[in-house]
Structures are given as structure tokens and as C-alpha cells.
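Engineer: can't give you the sequence, but here's the structure:
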């Protein structure tokens, strides 16, 4: 598998709390959650750059809300 | 992008002997050229012969429409879509693209991350329904499925994998890989059947070794 590089990440208490919550919810390590987040962010960015829009749809009401990407 | 190579073994069917091969964690220009220049002529020839013999379309190689060059371009630099291939005797014997942004569906694992096998294809000369008794190497599919499981473990997904199977491959994923068949997926093109492997099934598959 590909070689990995190490970095130090500085997070606020709130950010660390959110990361720890996700780790518990997903049963993943902090590294795994952040790697997954990066993959997702890149995938969304690529789609948006190619002209796609990102929506959340309420399954019951079918109401759609567009997510604005920075 | 640097591609890592791991030694693996295939079974050379003619001699019934293990033969050294390499698992690469990437699909490069060399593999795409092999697909275009070596795989596709064989597949086209097989289809032409089946057509001439009046064999129904459902029996033709079902991955014929997969365009690996187009897929490789689409997944280029995508962190969520790593590719793998098996090389032996200087030839690409199998290729696979994965997607790491899928969730498990099986009740005991629902919502948890898994490695989804987007595409997995064996070289035509390694497929029993094409090459018959002349099959060259066995074990390519198992090595690629194992690579997907290993990646799933490395990413913290506990070995969970999932995929939609072409009809000709359903028995292989169910019986050889021991995956759970969750039935025809009404939301997937052609309503292909969806298969999933739990951490326990992954463990059992890895323990079984390279048997096909």
C-alpha cells in the first residue's frame, strides 16, 4: 500500500469534540475519519467543478436544499 | 503517483503449479494498453463466434461494454477510487476499481463504511466460460477481492466490502467469496444483485486462502 506521511493537526476543543463524536458514531479512528472526510470533500469538489450541484433531499417531503460549496 | 507492488501467486492451470505474479495498487497506461490490445480482440472474437453460433446475448461476456480507459480517466487522482491490477508474465491478468464512499446495507452493518468494488474484471483467457479448458491462470479474482478486503481493514472498515454483480458472476461472489446476496437492487441499472461481505465473512475468506 502507498507510503504515508505524518502531519500535526491543531484543532479547537469544539473541533476535537466533533471529530471524537464522529469516531464513536462511525467506529473509526481519528485518522480514518479525516481520510474519509478528505476523500468525500475531493469527490464533491470534483463533481461541482464539473458542473454538478449538491443537494440534500428530505426522504418524506422530497424537499431539496442545495449545499453551497466554498 | 507511485504504484506499490506486492508479490502474489496465481495457479497456472495447464501445469497445476503456482506461478509468481504481482499485485499493483494502481492502474497505469501499461494496463490500459493491454486491455485495448490484448483483452478486447479476444473478447470481440469470442462475441463474434457466439453470435455466429446463435448463442443468446445473455451468455456473451457481460463486461464487454466496460471501457477501462474511460474509467481510469474518470478516477484519475480521485482519493475515493483506487485501482488495483494483477500482473503475471508481463501481462495484465485482472483489474479492479474501488469506491470508498459507500455504506453497508446488511442489517448488522447498516450505515458503516465499506469498500465498494466498482469494477472487477479478469483477463478473458482466465475466464472459464470463455477459455473453457484452456484457462491460463486461476486466482486472479480472489487476489483482487482480497486486496479490497485488506484495504477495507487498513482504512478501519473491518474488511466490509460490497458490490453489484454481473449475472455471470453471481455464483462466484456467493459461493467462492461467501458474500451475502441481498437480492436484485431496484435502484441499480439492470437491477443487478447486490452482494456484501461482513467482517466475519471477510475473515473466513482470507482464512480460506487462494482457492480460485
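Structural biologist: The structure has been received and is ready for your questions. What you see is a predicted model, and the numbers here were worked out from it, not measured in a lab. Numbering: from 1, shown residues only, chains lettered A, B, ... in the order given.
Engineer: low pLDDT regions in chain A?
Structural biologist: Along chain A, segments meeting pLDDT under 70 span A:1, A:69-70.
Engineer: how close does the residue located most distally from the centre of it get to residue B:43?
Structural biologist: Outermost residue of chain A with respect to the C-alpha centroid, by C-alpha atoms, centre = their mean, is residue A:61; its distance is 25.0 Å. Between residue A:61 and residue B:43 the distance is 47 Å, computed by C-beta to C-beta, to the nearest Å. Every C-beta, even on glycine, is put in place using the N, C-alpha and C of the backbone.
Engineer: Residue of chain B nearest chain A, please.
Structural biologist: When scored by C-beta to the nearest C-beta, chain B has residue B:156 as its residue closest to chain A, at 3.6 Å.
Engineer: tell me the SS of the residue lying closest to that residue once chain neighbours are set aside?
Structural biologist: With C-beta to C-beta, 6 or more residues apart in numbering or on different chains as the measure, residue A:32 is the residue that lies nearest to residue B:156, at 3.6 Å, once sequence neighbours are left out. In terms of secondary structure, residue A:32 is helix; the call rests on DSSP: H, G, I helix; E, B strand; the rest coil.
Engineer: Hmm, residue B:158 and residue A:32 touching each other?
Structural biologist: No - using C-beta atoms under 8 Å, residue A:32 is not in contact with residue B:158; the gap is 10.6 Å.
Engineer: Would you state the strands of the chain in chain order?
Structural biologist: You didn't pick a chain, so chain A it is. According to DSSP state E, chain A carries its strands in the segments A:54-57, A:64-67.
Engineer: Chain B is the one I meant
Structural biologist: Secondary structure of chain B (DSSP E): strands located at B:5-12, B:17-24, B:83-88, B:91-103, B:113-122, B:137-138, B:161-165, B:180-184, B:193-197.
Engineer: Residue B:123 - nearest residue in space that isn't next to it in sequence?
Structural biologist: The shortest distance from residue B:123 to any residue other than its chain neighbours is 5.0 Å, reached at residue B:93 (C-beta to C-beta, 6+ apart).
Engineer: An error on my part: the question was meant for residue B:153.
Structural biologist: Nearest residue to residue B:153, sequence neighbours excluded (C-beta to C-beta, 6+ apart): residue B:159, at 5.1 Å.
Engineer: Run the chain-centre distance for stretch B:120-134.
Structural biologist: For stretch B:120-134, the separation from the chain centroid amounts to 12 Å (computed by C-alpha atoms, centre = their mean, to the nearest Å).
Engineer: mind listing what's buried in it?
Structural biologist: The neighbour-count criterion (16 or more other C-beta atoms under 10 Å in any protein chain shown) identifies B:120-127, B:130-131 as the buried residues of stretch B:120-134.
Engineer: So what does the residue farthest from the centre of chain A have for phi and psi?
Structural biologist: phi -90, psi -10 (degrees, to the nearest 10).
Engineer: Report the contact partners of residue 34.
Structural biologist: You didn't say which chain, so I picked chain A. Contacts were defined as C-beta atoms under 8 Å, 6 or more residues apart in numbering or on different chains; by that measure residue A:34 touches A:9, A:19.
Engineer: my bad, the chain I had in mind was chain B
Structural biologist: For residue B:34, the contacting residues are B:91-92, taking C-beta under 8 Å, 6+ apart as the criterion.
Engineer: Which residues of chain B lie near chain A?
Structural biologist: On the criterion C-beta under 8 Å from any C-beta of the partner chain, chain A has as its neighbours in chain B the residues B:2, B:4, B:25, B:78-80, B:100-101, B:112-113, B:150-151, B:154-158.
Engineer: Can I get the buried part of these as one ChimeraX selection?
Structural biologist: The buried residues among the residues of chain B next to chain A can be selected in ChimeraX (16+ other C-beta under 10 Å) with this line:
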select /B:25,78,79,80,100,101,112,113,150,151,155,156,157,158
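Engineer: Just to be sure, which of the residues of chain B next to chain A are found in helices?
Structural biologist: With helices defined by DSSP state H, the entries of those inside them are B:150-151, B:154.
Engineer: Tell me which residues touch residue 6, please.
Structural biologist: Using chain A here. Residue A:6 neighbours (C-beta under 8 Å, 6+ apart): none.
Engineer: switch to chain B, that's the one I care about
Structural biologist: Applying C-beta under 8 Å, 6+ apart to residue B:6 gives the contacts B:22-25.
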